[in-house]
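S.K.: Whatever this is, show me its structure:
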Amino acid sequence: MAFELSINADVRTALEKGAAVVALESTIIAHGMPYPQNVETAREVEKIVRDNGAIPATIAILSGEVKIGLTPDELQYLGREGRSIAKVSVRDLPFAVAQKRDGATTVASTMRLAAMAGIHVFATGGIGGVHRGAEKTFDISADMTEFANSNVAVVTAGAKAILDLALTLETLETLGVPVVGFGTDEFPAFYSRASGHAVPMRCDSAAEIADLLRAKWAMGLNGGVVVANPIPEAFEIPAEEIAAVIEAAVAKARAGGITGKHVTPFLLAEIASVTSGRSLTANIALARHNALVAAQIAAALSEKRS
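M.R.: The predicted model follows:
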């Protein structure tokens, strides 16, 4: 059967003109935050992208149709239905389309669909990576291999702090994925600005990131780039404070037999409960900040392309 992306008119016009576009995922809406904060945050993030010179393209699957850019009503639907909507990674895309299902796209599937649409900058919260205990479970996010395939820069507050950050960084190195600290020499750990792990390279402006992207892809070096953008200092939860909370949540997930794609939503909800909502506030703040930086990078990339 013939396949076409359903690209929102604003996004299509921007792409045709070579203007700045920023992809946004939908799992952060449906699975990453409770309603109605998820919808409010999604709308705020889209506004931040627009206010900083780019067009937002939130990506999701609705009734089997791959949407590149959502209407306000579609955003509302995703947020209201929440976890009843399937979490769709790259492997799940053809099933969701063929079965005409709804799907909230993960980092990996958002990267793939953004690349298919010709969008090269994507803002998320935190990327997936190598889970703790992966030497036994082999639980490694598809985000890792997608970075080796899709020509998309992902602005992120680091990998989710619930992961094994050292192994995540080692895996990205093995896959040849540049990990760039945006104004930092240390890889951020989602809720925290510091992780104890250095980044292999650093850029201090959107223009520098745009130069790196152009050089990488002009050289035929396919694949993505991790732009590690620390959470604003006013909203961070220091690593030494959040570590014990994460350890307890991970232990609870193991005891409950929670595995696979259910792990991350469970842990995020558990951490939000234990921190009395501080982690949710941090999650919203870093999503907003990543959208700002992504819009600046997309605008710089667009200018250089012109």
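S.K.: Based on its surroundings, how many neighbours for Pro238?
M.R.: When neighbours are counted by other C-beta atoms under 10 Å, Pro238 registers 12. (C-beta placed from N, C-alpha, C; glycine too.)
S.K.: do the same with Leu15
M.R.: Leu15: 17 neighbours (other C-beta under 10 Å).
S.K.: Same question for Ala255.
M.R.: Ala255 has 8 neighbouring residues, counting by other C-beta under 10 Å.
S.K.: Just the local confidence number for it, please.
M.R.: Ala255 carries a pLDDT value of 92.
S.K.: now Ala42: how far from Met111?
M.R.: Distance, Ala42 to Met111, using C-beta to C-beta, to the nearest Å: 18 Å.
S.K.: neighbour count winner among the two?
M.R.: More crowded of Ala42 and Met111, by other C-beta under 10 Å: Met111, with 31 against 25.
S.K.: And that one, how far from Arg91?
M.R.: Plainly put, Met111 is 14 Å away from Arg91 if you go by C-beta to C-beta.
S.K.: and what of Ala189?
M.R.: Distance of Ala189 to Arg91, computed by C-beta to C-beta: 27 Å.
S.K.: One more: Ile48?
M.R.: For Ile48, the distance to Arg91 - C-beta to C-beta - is 31 Å.
S.K.: Which one of those two is surrounded by more residues?
M.R.: Regarding Ile48 and Arg91, a neighbour count based on other C-beta under 10 Å identifies Ile48 as having more, with 22 against 10.
S.K.: That one should be in a helix, yeah?
M.R.: Yes: assessed with DSSP: H, G, I helix; E, B strand; the rest coil, Ile48 lies in a helix.
S.K.: how far away is it from Arg288?
M.R.: Applying C-beta to C-beta, the value for Ile48 to Arg288 is 6 Å.
S.K.: surely Met111 meets Asn151?
M.R.: No: using C-beta atoms under 8 Å, Met111 makes no contact with Asn151, being 9.1 Å away.
S.K.: which parts of the lowest-mean-pLDDT helix or strand in the chain are buried?
M.R.: Here the helix or strand of the chain ranked lowest by mean pLDDT, DSSP states H and E is helix 134-137, holding a mean of 78. Buried residues in helix 134-137, counted by 16 or more other C-beta atoms under 10 Å: Ala134.
S.K.: For the next helix or strand after it, name the packing helices and strands.
M.R.: Following helix 134-137 in sequence order, the next helix or strand is helix 142-147 (DSSP states H and E). If you count contacts as 3 or more C-beta pairs under 8 Å, 6 or more residues apart in numbering; DSSP states H and E, helix 142-147 packs onto helix 107-117, helix 165-174.
S.K.: ok, and which of these has the densest surroundings?
M.R.: Of all the helices and strands packed on helix 142-147, helix 107-117 has the most neighbours on average by mean count of other C-beta atoms under 10 Å, namely a mean of 25.
S.K.: and that one, what does it pack onto?
M.R.: By 3+ C-beta pairs under 8 Å, 6+ apart, helix 107-117 packs against strand 21-24, strand 55-62, strand 65-68, helix 93-98, strand 121-123, helix 142-147.
S.K.: in the protein, which ranges drop under the pLDDT threshold?
M.R.: Residue ranges of the chain with pLDDT under 70: 1-2, 304-306.
S.K.: re the thing from before, got CSV for the helices and strands packed on helix 107-117, with mean neighbour count too?
M.R.: Below are these laid out as CSV (neighbours: other C-beta atoms under 10 Å):
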stretch, mean neighbour count
strand 21-24, 30
strand 55-62, 26
strand 65-68, 21
helix 93-98, 15
strand 121-123, 31
helix 142-147, 23
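S.K.: All set, thanks.
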